[in-house]
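Peer 1: need a structure here:
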Amino acid sequence: MSRSVNFGLWYDFRNPQENRSFETLYRESLDQIVWAETLGFGSVWLTEHHFCDDGYTPSPLVIAAAIGERTQRLRIGTNLMLLPLADPIRLAEDAATLSILTSGRFDLGVGLGYRELEFDYFGRKLVNRPSLMEEGIDILRQAWSGNRVSHSGKRFNVDNLQVSPTPHTAPRIFMGGMSPPAIERAARLGDGFLSTGGIGHDVYVDALAKPSQGAICAGNWAIISADPEREAAHVGEHVLYQTNQYVSWGAFGPPDEVPAFPDAQSAIRDGLYELWDAQLAISSLTEMLREYPQIVDVHFWAQFPGESVASGSRRIEYIANQVLPVVRKNLAIDP
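Peer 2: Residues are numbered from 1 along each chain as shown. Down below sits the predicted model:
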């Protein structure tokens, strides 16, 4: 029996020091996505933050619509959007429209968020994230059902509103997180779990009421190249920037308690990154997919912040030609 797993690319559209125009970055990235589809990649994932000097994607759904117009079969998802910052009715309308435009190819991935700056501006409190998330999920599902939405909760009140148009295929809701409560919430409320760097697969599976019905979309941080150590040296400044930005925002704990990495070598050694050549990538991905049959998608960073699109494309082509065909063969995955 063949197995269905998508392999995809992950984008944040960051442009540190604006070493090129955003117009160029967006155009080259969209061209890259169209090209990646011809190489056999099956998904593309977009992420969200606000008020970042490097332009970290504030509007992933707009980009998702552009990708949908230029591609034929790629699944388009968010890994992830910050649901506690959103008006869930407005988000439901936009996600429904995307599903209609893409003939059901859009998946909505959401997470709690953690940057106080974002919560302060959007008038939300970090302490209220769990209830904002749970009520938001309820409203999204009602909005896509075709029925009127009625909700009375701590955070939102919706009085018998009709959300239209209703998509023929409602977006799947994937939920991300690295802490056990967030992962367990994904098992309870989500259509699947968005993982980061392999964190939490075991927690998610253990929390599922029926493990056979779970779904994991795995965000992978490996640097995959014929000479991964040389490639790591080539992209080291971009890797260090990416990691330390997340550290400074509090992604891995309070910034005053989690120190920044002093150099790229330590960020790779002690962070989420791994260095794989084709052989190690094949064995690692095959082992992970065998251990967790719930995994339905594995996606890789297309390029690191500030790295050129052309540089990222070299790794993308290597993965497509040297890694994915063997992994698919090992696991009888349809291309």
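Peer 1: How much space separates residue 34 from residue 175?
Peer 2: Distance from residue 34 to residue 175, counting by CB to CB, to the nearest Å: 29 Å. The way it works is simple: take the backbone N, C-alpha and C, and place the C-beta from them, glycine included.
Peer 1: Between these two, which is the more surrounded one?
Peer 2: Ranked by neighbour count (other CB atoms under 10 Å), residue 34 and residue 175 place residue 175 first, with 26 against 14.
Peer 1: Show me the contact partners of the helix or strand that contains that one.
Peer 2: Taking DSSP states H and E as the criterion, residue 175 maps to strand 173-176. Strand 173-176 is contacted from outside by 77, 79-80, 107-111, 133, 137, 140-141, 182, 185-186, 189-196, 215, 217, using CB atoms under 8 Å, 6 or more residues apart in numbering.
Peer 1: So which of these sit within helices?
Peer 2: Counting by DSSP state H, the part of those found in helices is 133, 137, 140, 141, 182, 185, 186, 189.
Peer 1: Can you turn the buried part of those residues into a PyMOL selection?
Peer 2: In PyMOL syntax, the buried subset of these is picked out as below (16 or more other CB atoms under 10 Å):
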select buried, resi 133+137+140+141+182+185+186
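Peer 1: In the ones in helices among the contacts of strand 173-176, find the pair that's most separated.
Peer 2: The span of the ones in helices among the contacts of strand 173-176, defined through CB to CB, is set by 141 and 182 at 18.6 Å.
Peer 1: can you pull out the strands in the stretch 151-300 of the chain?
Peer 2: 157-161, 173-176, 192-196, 216-220, 222-224, 274-276, 295-301 (DSSP state E, counting those that start in this stretch).
Peer 1: what mean pLDDT would you report for stretch 187-201?
Peer 2: Averaging pLDDT along stretch 187-201 yields 97.
Peer 1: ok, the residue nearest the centre of the chain - contacts?
Peer 2: The residue lying closest to the centre of the chain (CA atoms, centre = their mean) is residue 79, at 2.0 Å. When contacts are counted by CB under 8 Å, 6+ apart, residue 79 touches 10, 45, 46, 47, 109, 174, 176, 194, 217, 219, 299.
Peer 1: which one of the strands of the stretch 151-300 of the chain lies closest to residue 119?
Peer 2: strand 173-176 (16.9 Å).
Peer 1: Mind listing the strands the closest one pairs with, and their directions?
Peer 2: strand 106-111 (parallel), strand 192-196 (parallel) (DSSP bridges).
Peer 1: How far off centre is that strand?
Peer 2: Put simply, strand 173-176 sits 9 Å off its chain's centre (CA atoms, centre = their mean, to the nearest Å).
Peer 1: Can I get the strands of the stretch 151-300 of the chain in TSV including distance to residue 330?
Peer 2: Below are the strands of the stretch 151-300 of the chain laid out as TSV (distance: least, CB to CB, whole Å):
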stretch	distance to residue 330
strand 157-161	48
strand 173-176	25
strand 192-196	21
strand 216-220	16
strand 222-224	16
strand 274-276	15
strand 295-301	13
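Peer 1: I'd like to know which of these lies nearest to residue 264.
Peer 2: It is, among these and with distance given as CB to CB, strand 222-224, at 10.6 Å.
Peer 1: That closest one pairs with which strands?
Peer 2: strand 274-276 (parallel).
Peer 1: Name the surrounding residues that touch the partner strand.
Peer 2: 221, 222, 223, 224, 225, 228, 229, 231, 232, 268, 284.
Peer 1: give me the number of residues near the closest residue to residue 205 other than its chain neighbours?
Peer 2: Nearest residue to residue 205 in three dimensions, chain neighbours excluded: residue 211, at 5.4 Å (CB to CB, 6 or more residues apart in numbering). Using other CB under 10 Å, residue 211 is surrounded by 14 other residues.
Peer 1: Also residue 254?
Peer 2: Residues near residue 254, counting by other CB under 10 Å: 8.
Peer 1: One more: the one 5 residues further on?
Peer 2: Applying other CB under 10 Å, we find 9 other residues in the vicinity of residue 259.
Peer 1: contacting residues around it?
Peer 2: Residue 259 makes contacts with residue 247, as judged by CB under 8 Å, 6+ apart.
Peer 1: Could you measure from it over to residue 81?
Peer 2: In terms of CB to CB, residue 259 sits 29 Å off from residue 81.
Peer 1: if we can go back for a sec, quick one: the strands paired with strand 173-176 as a markdown table, columns for distance to residue 309 and mean neighbour count too.
Peer 2: Formatted as a markdown table, the strands paired with strand 173-176 follow (distance: least, CB to CB, whole Å; neighbours: other CB atoms under 10 Å):
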| stretch | distance to residue 309 | mean neighbour count |
| --- | --- | --- |
| strand 106-111 | 23 | 27 |
| strand 192-196 | 23 | 26 |
